[in-house]
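Student: would you be able to build a 3D model of this:
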Amino acid sequence: MSATLVFIAVMVAANALYVAAEFAAVGVRRSRVRRLAEDGSWLAARLLPYVEDRVALDRYVGACQIGITVTSLVLGAYSQAAITPHVAPVLAGWFTMTDLGALSAAAVLVLIVLTAVQLVLSELIPKTLALQYPSGTALATVLPMQWSLVIFRPLNALLNGAALLVLRRLGAGDHAHHHLHSPEELDLLIAESRDGGLLEPEEQLRLRRALHLNRRTAADLMVPRDRLTAIDLASAWNDVLQTAVASPFSRLPVFRGTRATIVGVLRVKDLVERYASSGPVPIETLMRPVIQVDASLAADAVLATLRERRAHTAVVVDGRGDALGLVTIQDVLSELLGLQDRSPSPARGEP
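Tutor: Residues are numbered from 1 along each chain as shown. From the prediction side, this is the model:
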């Protein structure tokens, strides 16, 4: 029985190794491995060719997946054959059941216990460690993975080829694995580039702001409606003209009834040109439509929306559709560039 437990422990450990190696290989930073290799780490030098080449990384991950599958199947088959006959008599003594029933119950019980042990020890724990410490885990598993690559080479080539054929049939194309980095990892890469002299401090700050632009919302960047130099749609022509002349802004929001209902934007240039050519006309004929964005929309999405719609200004609305304020492309760019004193926005009211 002790030999059985030793074999099970070895299979569980092997399964955990392959799980950790897979997550670490995909999550490790290539720049980190490259730097370690340049500093003389022979393990990093062995790992570097796999993380720098997409095809090699795909074979590496494929070997991990084969190892996980093989060890799981061997563990399950061996445990059922070795442990179930010992558990069945115990269950038959505890409960009134036939030998066949006891054998079936023992098989189910062994399967449940084995699955729980494998899930915790071979899946959750190694995956968590690999995600938290990708560099150390990748280096610790590279040697057994190189041996596995040699052992599984024929099977790996066959299965990868079959998978690629199926994917091409489905129109999915290349299935090579890519390195995925979280914003925090990208932030660290930017800091390392600055420390290495590849980026100026100002460039690093701008890249960091661009990276975290999605943490700001339209409500954070907008000009509140009570600070807007706005025009009431029902205002007399002379009042509109006087407001436009007195305002330093080239675009003025137009509201109907209250500032919570912004219905368009009036360009001062259009107002002056029409007044010079034909005199007073209804404001509706000069007013241009304005797009609306939700107050919770991320700043990068606001910028993308303005560029897609070829618009300069957007009305920021709440869940009920009431206007909260206006956001312009200058507001987003000022946040992106980190300008403390923003240039006057065409929709901004006097401070």
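Student: least trustworthy helix or strand in the chain by mean pLDDT?
Tutor: Sorted by mean pLDDT, DSSP states H and E, the helices and strands of the chain end with helix 183-195, the least confident at a mean of 59.
Student: okay, stretch 234-243 in PDB with CA atoms only?
Tutor: Provided in PDB are the C-alpha atoms of stretch 234-243 (Å, rounded to 0.1, in the frame of the first residue of the first chain):
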ATOM      1  CA  ALA A 234     -36.000  80.000 -26.800                       C
ATOM      2  CA  SER A 235     -33.600  83.000 -26.500                       C
ATOM      3  CA  ALA A 236     -34.100  86.000 -28.700                       C
ATOM      4  CA  TRP A 237     -31.700  86.500 -31.600                       C
ATOM      5  CA  ASN A 238     -30.100  89.600 -30.100                       C
ATOM      6  CA  ASP A 239     -29.500  87.700 -26.800                       C
ATOM      7  CA  VAL A 240     -27.900  84.800 -28.600                       C
ATOM      8  CA  LEU A 241     -25.700  87.200 -30.600                       C
ATOM      9  CA  GLN A 242     -24.600  89.100 -27.500                       C
ATOM     10  CA  THR A 243     -23.800  85.800 -25.700                       C
END
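Student: mind listing what's buried along it?
Tutor: Buried positions in stretch 234-243, judged by neighbour count with 16 or more other Cβ atoms under 10 Å: V240, L241, T243. (C-beta placed from N, C-alpha, C; glycine too.)
Student: can you flag which of those belong to helices?
Tutor: Taking DSSP state H as the definition of helices, these contribute V240, L241, T243.
Student: give me the number of residues near the spatially closest residue to K269 that is not a sequence neighbour?
Tutor: Distances taken as Cβ to Cβ, 6 or more residues apart in numbering place S250 nearest to K269, at 6.8 Å, with adjacent residues excluded. When neighbours are counted by other Cβ atoms under 10 Å, S250 registers 14.
Student: can you check the pLDDT for S250?
Tutor: S250 carries a pLDDT value of 79.
Student: measure it to D270 for me?
Tutor: With distances taken as Cβ to Cβ, to the nearest Å, S250 is found 10 Å from D270.
Student: and of the buried residues of stretch 234-243, the nearest to V316?
Tutor: V316 lies nearest to T243 out of these, by Cβ to Cβ, at 22.0 Å.
Student: torsion angles phi and psi at R288?
Tutor: phi -110, psi 150 (degrees, to the nearest 10).
Student: report pLDDT for the residue nearest to it when sequence neighbours are not counted.
Tutor: In this structure, R288 finds its nearest non-sequential neighbour in V265, 5.2 Å apart by Cβ to Cβ, 6+ apart. The model reports V265 with a pLDDT of 86.
Student: in which helix or strand would I find V265?
Tutor: If you go by DSSP states H and E, V265 is part of strand 262-267.
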